[in-house]
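Trainee: Provided below are the primary sequence and the corresponding predicted coordinates.
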Amino acid sequence: MMRNLAKLRASVVKEARILLRDRQALILFFTMPVLFVLILSLSLRDVFGDRPGATFPVLVVAEDQAEVGRGIVDTFRANPHIRLALAERASEAQARQWLIDGHYRFVVLVPAGATLQAKRRLGEIMAEVPADLRLEQPVSVRVLADPSLRSDYRKVLEGSLDLALHGIEMKLGREQLEQALRATQGSHFTGLPDMEHGRLFQPVHGETVTKRGGGPTPTSVQQNAPAWTLLAMFFLTVPLSVAFIKEREQGSLFRLQTMTVPAWVVLGGKAVPYFVINQIQMISVLAVSVYVLPLLGGDPLGLGNAPLALLLMGASASLAAIGFGIAVAVYARTTEQAAGFSSATVMIMGALGGILVPKAVMLPIMQELAVISPLSWGLDGFLDIFVRGGGVDDVLPEALALLAFSAFCHAIAIQRYRRRV
Amino acid sequence: MTSTASPSPAPQADVRVGTPAIELKGLSKSFPGGRAPALDGVDLSVPRGGIFGILGPNGAGKTTLMSILGGLILPSSGSVRIDGHDVLTEARHIRHILGLVPQEPAIYPTLTARENLDFFGRMQGLSGAYLESRIQACLELAEMTGEADQRVEQFSGGYKRRLNMVIGLMHEPEILILDEPTVAIDPHSRALIHDRLRELNAAGISILISTHYMEEAELLCDEIAIIDHGRLMVQGLVPDLLAQRRDEAIELQFFGEPGAGLARALETIPGVQRAEQAGCRVRVFSDRPEQVIAPIMQRVQAEAPTLRSLVFGRASLEQVFLSLTGDRGAPR
């Protein structure tokens, strides 16, 4: 056993030397995930977080300057996500052109006389004029939207506008009611109670739920840092399997077989250096996410409060990736086969596992399918730690699943490696 | 060769003197989907202490045989014993006494020569001062001490093959198997490998070498076996094999291809049984060769092709090879 451990050490030293001499590959291993995290976290930060920075240029063409025009403007002005621009007059054609040119993402056209029209219609409703005999139609506040604006944002803006119009309806209705009551009750009428200060419901604020309570709000970096670390870890299966097959093609692997070097020494000699690279990848991505990203204006990564759980997840994800790489290497016949198969499989596992697209925005069926991807197990584990405040107990199922996957891959690889025709 | 590089003789050589170094009995190997067996009932006994050559055209089964000896593939039937130990069941024992040199340099191109020796030495279980002394000895054996710390990828083919060979000697094996060790290398490296093999053999190491080069086998080997279509065609001492063919032919070689009429003209000479032309060579068969040489020379001069050489009375291994394998495989 001690002899074999000495052989394993020599095998690790040999592999490390080969890796350290391939500078370009090393640079790629470490810069790829770091760059991905920086670029994606900065560009997607507003998609995830409830940040005041997520603003959209909205133009309100308020040809009506009375209650309706003012009400809409006031509501949008109070919304932190809206960067408001005002115009008193603009044709629809002009507004469309501004949208196409990208000046605004959303244009609200409030027609002239909107307030007057609304009040007249209200009068008819109060006078109980039958619907088919009413002269005034409902006021049309038109909305034009940039097609590139995500549909959920458009709905948020439409909802906000609807809410503003509803408030105006309430206000105009209340005024009409007061006038009617004053006309019938004369001096006995002292006014309706102040509804502004008598709300029936508390303002709604969603609360995020974490396992340990009080975790930080999920941000893009919390999705991206583990996602791209995992993808980078699994992408190491490409150089790992290629290196293994090259060794076979060069004949050095056969030489080792004639020396009856145990399979675990040969495969372990590959696994250990790649494990170290995986850990350095993870540490560098986390360090960049914690320290560099805030300097560039992004959200800092909250690492949770369970360093042991983080180590466990890093180690199990890496072992799973290495096991997969070694299995591919042993079964593939050529380097082209190995590189093609492992990169395509990793991309598919990444897409399925919520790496490329967060699972939360996937269709329900795809979310259920994600469970077959080891990258999904890894991502769930990391999100347990970063977002849900989880500890070792919480990530244990994911870690064990990854370790089982790794053990399975290593077992079939060793079995195949030992096989002689 | 320096004193440090001298391989020590097999420690128990005299005890096992009667045991062949390598013994194959009824060895067969068929691959799934293969039309014919790659090896078909080969019986072979490689005696201890000599240099034994395996010759055969491409596809004869040499590489399959080497792979079975190295334990890389399993025989379909038959047995292989190295130093009296079964290759399948006693692989660990054999590992210590067997050195295997694959045909293609099985080395790491981005490591230096020293690092390659160090790694493979450790994989053989060597360590410490002994490992260091073996690395130095092997570098000297390959005449590469000046290049020890250069990466292998910068080496010429000859240097790579030298390193490839000495890696197989790191653990001082008693039996050395080399698969075509001198293919496509410069004459200097080839001569060096030949010299080293003779020295190693003189020091008591049994050597089995597969080769394409007839000249190499003739120069280097005490005994040879020729295999073709997976079958053993002949096994014997080189002088015996050559003697068997001695009276076969007078061989004429020309600088250019002689006209087709030459062979017919030679056949008209009394005492000549037949004459065969193949390319630039004409072989003349006679049971009284001494008497027909003068008339042959007259005819040759009359036909006027430029004669390059005339060999008589000494069959070459190539002739033995060609007569057994039917001119297949273009031996060199």
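Mentor: Okay, I see it. Numbering: from 1, shown residues only, chains lettered A, B, ... in the order given.

Trainee: name the element B:Leu178 belongs to?
Mentor: Taking DSSP states H and E as the definition, one finds B:Leu178 inside strand B:175-179.

Trainee: meant to ask about A:Leu163, not that
Mentor: Using DSSP H and E, A:Leu163 sits in helix A:151-185.

Trainee: from the middle of its chain, how far away would that helix be?
Mentor: 36 Å (CA atoms, centre = their mean, to the nearest Å).

Trainee: average pLDDT for that helix?
Mentor: Helix A:151-185 shows a mean pLDDT of 85.

Trainee: Going by neighbour count, list what's buried in stretch B:28-40.
Mentor: Neighbour-count burial for stretch B:28-40 flags B:Lys29, B:Ser30, B:Pro37, B:Ala38, B:Leu39, B:Asp40 (criterion: 16 or more other CB atoms under 10 Å in any protein chain shown). Heads up, the C-betas are built off the backbone N, CA and C, glycines and all.

Trainee: burial measure for A:Asp393, as a count.
Mentor: Per other CB atoms under 10 Å in any protein chain shown, the neighbour tally for A:Asp393 reads 11.

Trainee: what about the closest residue to A:Leu400 other than its chain neighbours, which SS state?
Mentor: Among residues not flanking A:Leu400 along the chain, A:Ser316 sits closest, at 7.8 Å (CB to CB, 6 or more residues apart in numbering or on different chains). State at A:Ser316, reduced to three classes by DSSP: H, G, I helix; E, B strand; the rest coil: helix.

Trainee: Surely A:Ser316 is in contact with A:Ala407?
Mentor: No. The pair A:Ser316 and A:Ala407 fails to qualify as a contact (CB atoms under 8 Å) at a distance of 10.7 Å.

Trainee: More neighbours: which of the two?
Mentor: Of the pair A:Ser316 and A:Ala407, A:Ser316 is the one with more neighbours under other CB under 10 Å, namely 25 against 13.

Trainee: hmm, back to that, tell me what the strand holding B:Leu178 is packed against?
Mentor: helix B:62-69, strand B:98-101, helix B:187-202, strand B:206-211 (3 or more CB pairs under 8 Å, 6 or more residues apart in numbering or on different chains; DSSP states H and E).

Trainee: Tell me the buried residues in stretch B:232-240?
Mentor: B:Leu232, B:Met233, B:Val234, B:Gln235, B:Val238.

Trainee: Give the partner strands of the strand or helix carrying the third one in its sheet and their orientations.
Mentor: Think B:Val234. Here B:Val234 sits within strand B:231-237, counting by DSSP H and E. Strand B:231-237 has the following strand partners under DSSP bridges: strand B:223-228 (antiparallel).

Trainee: quick one: contacts of the strand it pairs with?
Mentor: B:42, B:44, B:46-47, B:50-57, B:60-62, B:65, B:217, B:232-238, B:241, B:317, B:320-321, B:324-325, B:328 (CB atoms under 8 Å, 6 or more residues apart in numbering or on different chains).

Trainee: and that strand, how far from the chain's centre?
Mentor: Relative to the chain's own centre, strand B:223-228 is displaced by 9 Å; criterion: CA atoms, centre = their mean.

Trainee: what angle separates it from strand B:206-211?
Mentor: 40 degrees (axes from the mean of the first three to the mean of the last three CA atoms, to 10 degrees).

Trainee: can you give me the angle strand B:223-228 makes with helix B:62-69?
Mentor: Using the same axes, to 10 degrees: strand B:223-228 against helix B:62-69 is 120 degrees.

Trainee: Just the C-alphas of strand B:223-228, formatted as CSV.
Mentor: C-alpha atoms of strand B:223-228 as CSV (Å, rounded to 0.1, in the frame of the first residue of the first chain):
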residue,chain,number,x,y,z
GLU,B,223,18.3,-17.3,-33.0
ILE,B,224,15.2,-16.2,-34.8
ALA,B,225,11.6,-17.1,-35.4
ILE,B,226,9.6,-16.1,-38.5
ILE,B,227,5.9,-15.8,-38.1
ASP,B,228,3.3,-15.2,-40.8
